[in-house]
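Participant: Pasting the sequence and the predicted coordinates here, then a few questions.
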Amino acid sequence: MANHASALKAHRQNVVHRERNRRYRTQLRSALKTLRAGLSGKDAAKVKDGLGQTVSLIDRMVSKGVIHKNAGSRYKSRLAKRVASAPAAA
């Protein structure tokens, strides 16, 4: 365990940040799961609206440092590709 005041404060901050990032990551994963479920459900209108919200959420998570910017770009690219090909397959 840390002994110095600065190390104790850093530990407290790390605990808070870890919990906050965990909540953000859970929110992101839920949004991705919902959008992917909508793609399999063939509800085009809901998916188009959900894509915009999910992309916005991904961008926020990248700006907060919860996920890496390349990971965010990869998520957005793959989702956009699946949404674009979904109406053609239906």
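Facilitator: Yep, it's here.
Participant: When you work out contacts or count neighbours from here on, use the C-alpha atoms and nothing else.
Facilitator: Fine.
Participant: Show me what the helix or strand containing residue 33 is packed up against.
Facilitator: Using DSSP states H and E, residue 33 falls within helix 5-41. Secondary-structure packing of helix 5-41 (3 or more C-alpha pairs under 8 Å, 6 or more residues apart in numbering; DSSP states H and E): helix 44-64, helix 69-89.
Participant: List the buried residues for the least confident helix or strand in the chain by mean pLDDT?
Facilitator: Ranking every helix and strand in the chain by mean pLDDT, DSSP states H and E puts helix 69-89 at the bottom, with a mean of 87. Buried residues in helix 69-89, counting neighbours by 16 or more other C-alpha atoms under 10 Å, are found at 72, 76, 79-80, 83, 86.
Participant: residue closest to the middle of the chain?
Facilitator: residue 28 (3.0 Å; C-alpha atoms, centre = their mean).
Participant: Rebuild the buried residues of helix 69-89 as JSON lines, extending it with distance to residue 18.
Facilitator: Shown next, in JSON lines, are those (distance: C-alpha to C-alpha, whole Å):
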{"residue": "72", "distance to residue 18": "19"}
{"residue": "76", "distance to residue 18": "24"}
{"residue": "79", "distance to residue 18": "27"}
{"residue": "80", "distance to residue 18": "30"}
{"residue": "83", "distance to residue 18": "32"}
{"residue": "86", "distance to residue 18": "36"}
